[in-house]
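**Q** Okay, here's the prediction I keep looking at, along with the sequence it came from:
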Amino acid sequence: MCGIMGYTGKSQASAVILQGLAKQEYRGYDSAGIALRCDGRIVNAKIVGRVAELARRVRDLPPECECAVSGIGHTRWATHGGVTETNAHPHESSDGMVVLVHNGIIENSRDIRSRLESEGVRFITETDTEASCQLLAKLYRERGGDAHSAMSRLTASLTGAFALVIMFLDRPDEIWCARRGSPLVAANDGGASYCASDPTALLDYTHDLFFLEEGEMALLKPLACKFFNFDGSPREKESVSLNWSNVMTDKGRHEHFMRKEIEEQPDVLRLTIDTHTVVTTVAMGRDFNLPRGIMKKIRRVQFVACGTSHYATLVARDMLESLDRELDTRVEVASEYRYRDVAGGDDTLAIFVSQSGETADTLAAARRARAAGTCCVAITNVRGSTIDREVPHTLLSLSGPEIGVAATKTFTGQISLLALLVMWLLKDRGTLSANDEARLIGGLRSLPTLLQEILSREDEIKALAEKYSSSRGFFFIGRRECVPLTMEGALKMKEIAYLPSEAYAAGEMKHGPIAMLDDKLTVVALVPDTDLREKTLSNVEECRARSAPILLFATEGDLDALDFANDVFFMPRTERELIPFIGVLPLQLFAYHTARCLGRDIDMPRNLAKSVTVE
Ligand code: M6R
């Protein structure tokens, strides 16, 4: 959601900034802009559309802009004010002294605006951001050009969430940053300083990154980055080394990042299992600092997350319940957990799952749980992210950077780590039998090969997608361990193919949704060979009797399934609790190829942002 890139050094600033913005396109945006310091003035270019269009506009700027060695850029995901060039960032103050980009929402922008307007300041945009820009210019003037003091006063005056990146006209080579609520990362490679919303934008230059904390400001100069509290006092800061390679953020031979990331799932599984197991025993890495014996006093476990991460936690709940039905285990969406009166305290363990580690609702939920004295664990894919820094016990999922907006390999990274964490917790509680531990770890170890086998049959799924892409919509149905899969399958279809898709526990169909069925609404039924196979097939029959085309996902060898469906895709057999690990892959591919048939923008679907950093 909004991408920021700032640069001050010796290279061509426009090239560095455009490249940084391109790397962050996946965050989701509708317009973009850049401001460059050229020959003592600041030159702006803005467009509605893609970064490639902004690059064309930059080529038309006066020739001296090619020599600019500092500047800031932004991709905007509109919140306040329409998608127009005027509303695109960077914004410039009326006196031309301040130019600024922003990610977040300034909640008191209306008040600031009306105060400044009554003092004669003329606003030209409809954005909340312009209020912070005009206010900073006023504070800077009032303080005789003391940037430190003006920044401190500005941050004290704003309510809401912000990552602000700023240039002052009369301060060459300097870029100022401030963060509260929205992510911002800075870096210095010896000759230049950078800042961005997302670490992937900086990996071409350095892997040593400074993640700005809540209430922190930074001053970037070519030779160093300095950090301060909002009150202006200096702050010592350690860099974090991110071991992601640049290749990981490259599409390589693939048409889409999503397709590349789907294919990486066997490797994600292998790495996760190798890192956290020894032969047939679970062994969470040394970095995991949840004290042993903690589960003796825990009565409740809560899993809290949003979107795909939430569905990953449903998989974990199913596994936990199947191994220990005494423990009170709940799953909550973070946007509700943060406002409900949920039980907490030191007999409660809350597990927060967020691939980005920056989802506003998940962060707020974790803060609430911590305030209640609940023991909190986070699972995130991004070292140094806000959740990693704020939650005392963090486990890093090992998916590598995910660029496609639709989560795929991070789901697999999460469910594999959650499965191992669940085993660790139950072992600590004394309720995991050595048999179950060995059975599940053995099952996990066989998964990469099984996923590879499904990938080798991608053409079958592609053909199914081509056949069903003219459907009016989809119902995804299944029972128990397949319910999270129905949700994830439907979400993938909605977000990248834009086709209406509903997910239902198969037994619920008769209670209303079946009324919608006709020959244009395809039912995708997940019917693995478990004790619930017959029951689910009965539900499938009921759908077939209402003329709905049926696409069945069954277990290999279950040839009778062919009698119940128009088409069947056979999945390899695995342990019951591990069925979601296998089932998610064909559903991802099905959504991917459907979206491809329909010519959708797969990696950057309309209206979506990769990480949802505002409420
Ligand atoms: O970064 P998070 O895991 O906290 O993100 C949560 C959701 O926004 C995310 O899973 C979203 O639903 C996916 N991009 C959907 O594919």
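**A** Received, thanks. Numbering: from 1, shown residues only.
**Q** in what helix or strand does Leu164 lie?
**A** Taking DSSP states H and E as the criterion, Leu164 maps to strand 160-168.
**Q** what about the residue nearest to Leu18 when sequence neighbours are not counted, how many neighbours?
**A** Nearest residue to Leu18, sequence neighbours excluded (C-beta to C-beta, 6 or more residues apart in numbering): Ala55, at 5.1 Å. All C-beta atoms are positioned from the backbone trio N, CA, C, and that covers glycine. Residues lying near Ala55 (other C-beta atoms under 10 Å) number 19.
**Q** From what I see, Ala350 and Val304 are in contact.
**A** Yes - counting by C-beta atoms under 8 Å, Ala350 touches Val304, with 5.9 Å between them.
**Q** Settle it for me: which of those two has more neighbours?
**A** A direct count of neighbours by other C-beta under 10 Å for Ala350 and Val304 places Val304 higher, at 30 against 26.
**Q** In three-state terms, label the more buried one for me.
**A** With DSSP: H, G, I helix; E, B strand; the rest coil as the basis, Val304 sits in strand.
**Q** so what's it up against?
**A** Neighbour list for Val304: 313, 331-334, 337, 350-353, 362, 365-366, 369 [criterion: C-beta atoms under 8 Å, 6 or more residues apart in numbering].
**Q** Can you pull the residues that touch both of Ala350 and Val304?
**A** By the contact definition C-beta under 8 Å, 6+ apart, Ala350 and Val304 are jointly contacted by Ala366, Ala369.
**Q** taking the mean pLDDT, what do you get for the strand holding Leu164?
**A** Strand 160-168 shows an average pLDDT of 95 in the prediction.
**Q** could you say what helices and strands that strand packs with?
**A** strand 3-8, strand 70-76, strand 98-106, helix 129-142, helix 147-157, strand 175-180 (3 or more C-beta pairs under 8 Å, 6 or more residues apart in numbering; DSSP states H and E).
**Q** what angle sits between the second one and strand 98-106?
**A** Between strand 70-76 and strand 98-106, the angle comes out at 30 degrees (axes from the mean of the first three to the mean of the last three C-alpha atoms, to 10 degrees).
**Q** what's the domain layout of the protein?
**A** Domain assignment of the chain by automatic domain parsing yields the ranges 3-247, 257-453, 458-597.
**Q** need those in a markdown table with distance to Pro605, can you?
**A** Formatted as a markdown table, the entries for the domains of the chain read as follows, by distance: least, C-beta to C-beta, whole Å:
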| stretch | distance to Pro605 |
| --- | --- |
| domain 3-247 | 8 |
| domain 257-453 | 6 |
| domain 458-597 | 5 |
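**Q** nearest to the ligand, of these?
**A** domain 257-453 (2.0 Å; C-beta to the nearest ligand atom).
**Q** Quick one: low-confidence residue ranges for the chain.
**A** The chain contains residues with pLDDT under 70 at 246-247.
**Q** tell me which parts of it are close to the ligand?
**A** Residues of the chain found near the ligand (C-beta under 6 Å from any ligand atom) are 306-309, 354-356, 359, 362, 405-407, 491, 495, 611-612.
**Q** Of these, which is the most crowded?
**A** So for the residues of the chain next to the ligand (other C-beta under 10 Å), the most neighbours sit at Ser354, 34 neighbours.
**Q** Now it. Nearest residue, chain neighbours left out?
**A** Thr362 (4.5 Å).
**Q** follow-up on the earlier one: the residue nearest to Leu18 falls within a helix, correct?
**A** Yes - using three-state DSSP, the secondary structure at Ala55 is a helix.
**Q** roughly how far apart are it and Leu517?
**A** Ala55 is 48 Å from Leu517, where distance means C-beta to C-beta, to the nearest Å.
**Q** Is Ser149 in contact with Phe230, as I believe?
**A** No - using C-beta under 8 Å, Ser149 is not in contact with Phe230, being 11.6 Å away.
**Q** higher neighbour count, these two?
**A** A count of neighbours by other C-beta under 10 Å puts Phe230 above the other of Ser149 and Phe230, at 18 against 15.
**Q** excluding its backbone neighbours, what's nearest that one?
**A** Phe230's closest residue in space is Thr155 (C-beta to C-beta, 6+ apart), at 4.3 Å.
**Q** mind listing the helices in the stretch 301-450 of the chain by residue range?
**A** 307-323, 334-337, 360-371, 386-390, 409-429, 434-455 (DSSP state H, counting those that start in this stretch).
**Q** so of the ones you listed, which one's packed in deepest?
**A** Of all those, helix 409-429 carries the top mean neighbour count, a mean of 25, counting by mean count of other C-beta atoms under 10 Å.
**Q** who does Arg208 bridge with?
**A** Residue 208: Asp, not Arg. Ser241 (DSSP bridges).
**Q** which residues touch Trp77?
**A** The neighbourhood of Trp77, defined by C-beta under 8 Å, 6+ apart, consists of Met1, Cys2, Arg27, Gly28, Tyr29, Asp30, Ala609.
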